[in-house]
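Trainee: what shape does this take:
(3 chains)
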Amino acid sequence: MLHFIKKLYYGDIPDANSGAAPSSDQQQAVTDWPLWEVFIRSKQGLDHKHVGSLHATDAQMAIENARDVYTRRQEGVSIWVVESKYITASNPAEAGELYEPAADKVYRHPTFYDLPDEVKHM
Amino acid sequence: MGMQNLEELFQQKIDKEVKIEPKDWMPEAYRKTNLRQISQHAHSEIVGMLPEGNWISRAPSLKRKAILIAKVQDEAGHGLYLYAAAETLGQSREQMINDLHSGKAKYSSIFNYPTLTWADMGAVGWLVDGAAIMNQVMLTRTSYGPYARAMVRICKEESFHQRQGFETLLVLSKGSKEQRAMCQDAINRWWWPALMMFGPRDSESTNSDMSMKWKIKRKTNDELRQQFVDMIAEQVKLLGMTLPDPDLRWNESRNHYDFGEINWDEFWQVVKGNGPCNKQRLDARRKAWEEGAWVREAAQAHANKQRTRKKAA
Amino acid sequence: MQQALLDYTLYLADSALILGQRNSAWCGHGPVLEQDIAITNITLDLIGQARSLYQYAAQLKGGEATEDTLAYLRSEREYKNCLLAERPNGDWGQTILRQFLFSCFQRELYTWLAKEKDAILAAIATKSLKEVNYHCRWSGEWVVRLGDGTAESHTRLVTALENLWPYTGELFKGADYEVALGLDPATLHTSWLSAVQSTLEEATVSLAPHASCFMQLGGKTGVHSEELGYILTDLQYLQRVYPGCDW
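Mentor: Here you go, the predicted model:
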């Protein structure tokens, strides 16, 4: 049987498949504010990038907390937040079937094609 | 796939320097070791706000006040990044905080020493943050992905801390007779506790072996401590101050500084809770948490009301 | 005229510094990590504003004056901060409400100063306004959360309002230096009140019981509550014990 660790937050594999039972010290009711994932665009023209997480009661507070926590040194110009429980993640045990088939498709990469030097800017 | 096979695959990944991510299979002991270490690290950042916070109201200039506040606030940020990294291993922040408050979880003993004068702000930055940075730079390459990424972010911010600490002492070292005495006194008090931050000697450390094999840690306690002594023994000359160790001298054959024996009895006493400020620090953390309970509940209650209203609308 | 401008600048600087000093006590003691960081950002903004203002005041004063001599070497009777700024932190509710009442006032004041003829004050006001707008938003949202949160948080907010409201009148009563400069803060009252009222309404808290509240005066002219002496004792300790040192 695959022995996955129990992960409460990161858009998880359904519980039935998620392996180890929670240890007893995690049973206690949790009153933490919900966890949010934060994505920041460091400057115009770049993608938003995952920078970390934080707790907030709602989306508005999550944006403001992200501003206060993750942009203290002008690290960003735009913030996305999403509550962590809404992220669905791929299963690492399936990494082989998901990603390896792409490995032999070299023809998808531009360097696969030999062109005469005279052809510029292509 | 059998358990053994999974463990072998796991170790192969570690050996090939492939990072372990939250959803990957990992031995339970690896999860626990990381959880313990990351949460301890987070607690240290949070408790570490207190000794420096002690001087915010009394900082001697507006510039120093702003710098100190920004620095202590950075520590809150670092604690937050680290709690988030630990949460990926399946424990809630609240549970970790409860463990801190119950005394079950540990934090760095250095913060159980008092900050008695303004010069301590310099000594803490230079020596304590300096010692922490040695550990933290190593941890940017640790095998658990979320921890390594948190450390990269922290190290970027941390280098300002050590520099401002040294600069604070530099100003004092060039100041009045009282200021110079204050500077030397702070170095005298913080030197040995800073050396203790690297933990027990390698021969006595219980967690090092597996931590090294799994590349959670990459250098031993003694290696890091030596590196630190070599660095500080040179820097202290620039301050025109001395380190309180009569055995400190350059050893040509080892190409390192030799240094005296740490008072291990004091080390274990402070770890066990008998340091000068253990009780005070934990009490302050508990008080903040307990007095904040109604605030956290109110915010959650309001958010729930808002959601209900939205649905009704 | 120069003296009035200096006094006025000191009033603005002292108010920002004293509130910043008060808020800074939360650093490391906040109710939740994210908010500990948030209020500390506001603290840093306030101290930054105070520094710009003191630097300008030092220039007006001339001689050996610096931002630090002004902040560290003036006594209780020379400080001109509004009384609201020196009110104790109390619980999170009182701190939040104090910030909200003050930030809303700063927003009106700086918007107004940004268009005034003194170019340096106008520049400081313009720069600070961005910060202040965020302070209003952050503290206003917390006022609503507490007022419309649990029964306990509602009660605590109402108590905070009772404690703080008597210190709001002073903000709109011109001190001699304001009169001399022709800057009458009474003109800011209507828009301030309507902003405060609309947030309090959202927070389900009524201002009606305070309609005819007796207002405390004095801070702006150097007659403070007993609190200020202790604040300055802390703030100025090192400069007073080791005079003339560089830090």
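Trainee: B:V171 and B:G122, how far apart?
Mentor: To B:G122, B:V171 is 8 Å away according to Cβ to Cβ, to the nearest Å. The way it works is simple: take the backbone N, C-alpha and C, and place the C-beta from them, glycine included.
Trainee: if you count surrounding residues, which of these two has more?
Mentor: B:G122 (26 against 17; other Cβ atoms under 10 Å in any protein chain shown).
Trainee: how close does the more buried one sit to chain A?
Mentor: Going from B:G122 to chain A by Cβ to the nearest Cβ, to the nearest Å gives 23 Å.
Trainee: which stretches of chain A have low pLDDT?
Mentor: Applying pLDDT under 70 to chain A flags the ranges A:1-30.
Trainee: how near is the residue nearest to B:M49 when sequence neighbours are not counted to B:R281?
Mentor: For B:M49, ignoring the flanking residues on the chain, the nearest one in space by Cβ to Cβ, 6 or more residues apart in numbering or on different chains is C:G28 at 3.7 Å. Separation of C:G28 from B:R281 (Cβ to Cβ) stands at 10 Å.
Trainee: who's more crowded, these two?
Mentor: C:G28 (25 against 22).
Trainee: so that one, which of the three states?
Mentor: Classification of C:G28 using DSSP: H, G, I helix; E, B strand; the rest coil returns coil.
Trainee: contacting residues around it?
Mentor: B:I46, B:M49, B:L50, B:G53, B:V72, B:A76, B:A284, B:A288, C:D36 (Cβ atoms under 8 Å, 6 or more residues apart in numbering or on different chains).
Trainee: most neighbours among the residues you listed, which one is it?
Mentor: For these, neighbours tallied by other Cβ under 10 Å; top is B:M49, 28 neighbours.
Trainee: surely it touches B:V72?
Mentor: Yes: counting by Cβ atoms under 8 Å, B:M49 does reach B:V72; the two are 5.0 Å apart.
Trainee: between those two, which contacts overlap?
Mentor: With Cβ under 8 Å, 6+ apart, B:M49 and B:V72 have common neighbours C:C27, C:G28.
Trainee: between C:G28 and B:R281, which contacts overlap?
Mentor: Residues touching both C:G28 and B:R281 by Cβ under 8 Å, 6+ apart: B:L50.
Trainee: and B:W214, how many residues sit next to it?
Mentor: 21.
Trainee: neighbours of C:G229, how many?
Mentor: 14.
Trainee: contacts only, for it.
Mentor: C:G229 sits in contact with C:E76, where contact means Cβ under 8 Å, 6+ apart.
Trainee: that one sits in which helix or strand?
Mentor: helix C:227-241 (DSSP states H and E).
Trainee: how about that helix: buried residues?
Mentor: C:L228, C:I231, C:L232, C:L235, C:Q236, C:Y237, C:L238, C:Q239 (16 or more other Cβ atoms under 10 Å in any protein chain shown).
Trainee: find the nearest non-adjacent residue to the residue nearest the centre of chain B, please.
Mentor: Residue closest to the average C-alpha location in chain B (Cα atoms, centre = their mean): B:S44, at 4.9 Å. For B:S44, ignoring the flanking residues on the chain, the nearest one in space by Cβ to Cβ, 6+ apart is B:S108 at 3.9 Å.
Trainee: list the residues that contact the one you found.
Mentor: Here B:S108 is in contact with B:Q40, B:S44, B:V47, B:G48, B:A132, B:M197 (Cβ under 8 Å, 6+ apart).
Trainee: quick one: it from B:I46, how far?
Mentor: Between B:S108 and B:I46 the distance is 11 Å, computed by Cβ to Cβ.
Trainee: next, count neighbours for the residue in chain A that chain B sits nearest to.
Mentor: Across chain A, the shortest distance to chain B (Cβ to the nearest Cβ) belongs to A:T57, at 3.7 Å. Around A:T57 there are 23 other residues, counting by other Cβ under 10 Å.
Trainee: same question for the one 4 residues further on.
Mentor: Other residues near A:M61 number 26, with proximity taken as other Cβ under 10 Å.
Trainee: so B:E75 is in contact with B:E45, correct?
Mentor: Yes: using Cβ under 8 Å, B:E75 is in contact with B:E45, at 4.9 Å.
Trainee: so C:Q2 sits against C:K61, correct?
Mentor: No: the criterion here is Cβ under 8 Å, and C:Q2 misses it with C:K61 at 9.1 Å.
Trainee: which one's more surrounded, these two?
Mentor: Shown here are C:Q2 and C:K61; by other Cβ under 10 Å, C:K61 has more neighbours (18 against 9).
Trainee: what number of residues lie near B:W192?
Mentor: Residues lying near B:W192 (other Cβ under 10 Å) number 18.
Trainee: surely it forms part of a helix?
Mentor: Yes: counting by three-state DSSP, B:W192 falls inside a helix.
Trainee: residues in contact with it?
Mentor: Applying Cβ under 8 Å, 6+ apart to B:W192 gives the contacts B:P244, B:I262, B:N263, B:E266.
Trainee: quick one: the helices in the chain, in order.
Mentor: All of this refers to chain A. Under the criterion DSSP state H, helices of chain A are mapped to A:59-70, A:95-99.
Trainee: was after chain B, sorry
Mentor: For chain B, the helices defined by DSSP H occupy B:3-15, B:28-47, B:49-53, B:62-87, B:93-102, B:119-123, B:129-139, B:145-173, B:177-196, B:208-213, B:221-239, B:264-269, B:278-291, B:293-312.
Trainee: show me what the third one is packed against.
Mentor: Helix B:49-53 makes packing contacts with helix B:62-87, helix B:278-291 when contacts are defined by 3 or more Cβ pairs under 8 Å, 6 or more residues apart in numbering or on different chains; DSSP states H and E.
Trainee: so what's the residue nearest in space to the middle of chain A bridging to?
Mentor: With distances taken as Cα atoms, centre = their mean, A:H50 lies nearest the centre of chain A, 6.2 Å away. A:H50 has these beta-bridge partners by DSSP bridges: A:F39.
Trainee: and the gap between it and A:I40?
Mentor: Counting by Cβ to Cβ - A:H50 and A:I40 are separated by 8 Å.
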